[in-house]
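In: Pasting the sequence and the predicted coordinates here, then a few questions.
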Amino acid sequence: MKLDFQHIQAAHCENGVTTSLLRHNGIEKITEPLAFGIGSGLFYIYIPFMKINNGPAIAFRTQPGLIFKRTCKSLGIKIIRKKFSSKQEAQKVLEECLQAGQPVGCQVGVYYLTYFPKEYRFHFNAHNIIVFGKEGDDFLVSDPVMEQTTSLSSYELERVRFAKGAFAPRGQLYYPKEKVHVTDGQIRKAIRTGIKRNVRDMLHIPGNIAGIRGIRYTARKIRSWKDKLGPQKAGSYLAQLVRMQEEIGTGGGGFRFIYGAFLQQAYAYHPIDALPEISKKFTQTGDLWRTAAVQAAGIYKGRLGKQEDFNTMSDYLLEIADLEKQAFIDLSKVKWNP
Amino acid sequence: MKKDEIPHDLGALGKVTKEVCYAVDDSGKYTTELSEGWEIKAKALDVAWHDVEERINRAKQKVISGEASPLLYLMELKLMDIPIVSAYTGFWKWQVKNHLKPSAFKKLSDNKLQKYAEVFETTVDNIKNIKLT
């Protein structure tokens, strides 16, 4: 059984799954940048008391699962989301969905994901794929970060759906409840909501480890990494920062370019001249994140390593924080037409 | 990033699939293009793997010198840490921590070792008679 389903490659897995599932359910106009922006995907957080793969816990995007949830909610689409304690039940429900003609989003861990290159298989559990059919014992899989569709045997799929550790998926599956028609007016409103929420998350989130203040916090930390961690570990920490920023589907520049693309696409729905102008600012901060990554690489490759090199890295982040703060202030001042 | 600045440095992912990058074209409009990778992040991934190998080697030395049980080496080999091993085996974290000590490891029943064997994709025999050089 193979559903009539069109695989879409995306920069990021959750954006991709959201886009593909919504398109399949009748919302032709949705694109990856729109899904990302409506879901207020842009974020920054550095969680100091948590470690991921023995390095710092840094994210450039919002919490896993939120993009799908928010985008669907903003567009008035009801969703079904289920977790399972039984592996048999998890497979049974998945098969029932396929029987009913519904492709299904699944949260999976990548460590046992057989079609991924070995170099990428860490214990990371917030990856998302779509299952769109079953042939013999193989489930047909549309993984948004891959160019082509692929497949997993029922055992392989079970294994990744029941990966353990942080963000354990517990067999989680999700999909839009019904086919709906979404009007341009709804999309317009959803874009506005998404931007306002993103302004809130980046400018006004309490505490100092998230949003713009989180970027400044990281900048301050980086200054002390060389002395505190020693050169090698400091390099590893910077490498982790760069991986979170550039690896596995950020579209480049820690999702900042996707957000720039979103604001350009938003202009089609809200012809307000400020939007493409602010889009340029995100292009600029994305570029600066990449310049910072080159500086970081100088350190973890061992070409750089003096305290002043760490200071330069830190200064890049402070500059980024200022630019992004201004960009979000500009967004908060946009005069929306009704 | 401008479209013509998108790097095409073949990395580990690039051998399996190209990835989508967002960039602006000459007219300033955002577009996507496939990239084989970027040397800067390929190197970051190398650093991560270098760290993993170091951890495995350190664990190996500890097992050889009798400071740690073979479970520590196997855990590092599978890129796991105590919370992950705990989640997969069903043992409490403090139990796993304890089993990483040679003294507690020696007292483990075959039943308990079997749980570790499954998670580490090996056999009880192999865990007991692990050969490290």
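Out: Happy to help now that I have it.
In: Check the secondary structure at the residue nearest the centre of chain B for me.
Out: For chain B, residue B:79 is the residue whose C-alpha lies nearest the centre (CA atoms, centre = their mean; 2.7 Å). Assigned by DSSP: H, G, I helix; E, B strand; the rest coil, the conformation of residue B:79 is coil.
In: I'd guessed it sits against residue B:53; true?
Out: No - assessed by CB atoms under 8 Å, residue B:79 is found out of contact with residue B:53, at 10.8 Å. From N, CA and C alone the C-beta is placed, and that goes for glycine too.
In: picking that back up, so what does the residue nearest to the centre of chain B have for phi and psi?
Out: As for residue B:79, its main-chain torsions (degrees, to the nearest 10) stand at phi 60, psi 20.
In: what does the domain assignment say about chain B?
Out: B:3-37, B:48-128 (automatic domain parsing).
In: Just send these back as CSV, with mean pLDDT and distance to residue A:16 too.
Out: Output for the domains of chain B, formatted as CSV (pLDDT from 0 to 100; distance: least, CB to CB, whole Å):
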stretch, mean pLDDT, distance to residue A:16
domain B:3-37, 91, 9
domain B:48-128, 97, 24
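In: ok, back up a step: how about the contacts made by the residue nearest to the centre of chain B?
Out: A:53, A:111, A:122, A:123, B:52 (CB atoms under 8 Å, 6 or more residues apart in numbering or on different chains).
In: Filter these down to the buried ones and hand me the PyMOL line.
Out: To isolate the buried ones among the contacts of residue B:79 in PyMOL, judged by 16 or more other CB atoms under 10 Å in any protein chain shown, type:
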select buried, (chain A and resi 53+111+122+123) or (chain B and resi 52)
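In: need the contact list for residue A:39.
Out: Neighbour list for residue A:39: A:15, A:18, A:62, A:66, A:67, A:68, A:69, A:70, A:71, A:74, A:194 [criterion: CB under 8 Å, 6+ apart].
In: which residue packs closest to it, ignoring adjacent ones?
Out: Nearest residue to residue A:39, sequence neighbours excluded (CB to CB, 6 or more residues apart in numbering or on different chains): residue A:67, at 3.4 Å.
In: pretty sure residue A:159 contacts residue A:112?
Out: Yes - Residue A:159 lies in contact with residue A:112 (CB under 8 Å); the separation is 4.6 Å.
In: Which elements pack onto the longest helix along chain B?
Out: Longest helix in chain B by number of residues (criterion: DSSP state H): helix B:39-64. Applying 3 or more CB pairs under 8 Å, 6 or more residues apart in numbering or on different chains; DSSP states H and E, we find helix B:39-64 packed against helix A:231-246, helix A:274-300, helix B:70-77.
In: if we can go back for a sec, which residues are in contact with each of residue A:159 and residue A:112?
Out: The overlap between the contact sets of residue A:159 and residue A:112 (CB under 8 Å, 6+ apart) is empty.
In: ok, back up a step: for the residue nearest to residue A:39, the count of nearby residues, please.
Out: Residue A:67 is flanked by 26 other residues according to other CB atoms under 10 Å in any protein chain shown.
In: Then residue B:94?
Out: A count of neighbours around residue B:94, defined by other CB under 10 Å, yields 10.
In: cool, and the one 10 residues further on?
Out: Other residues within reach of residue B:104, judged by other CB under 10 Å, total 14.
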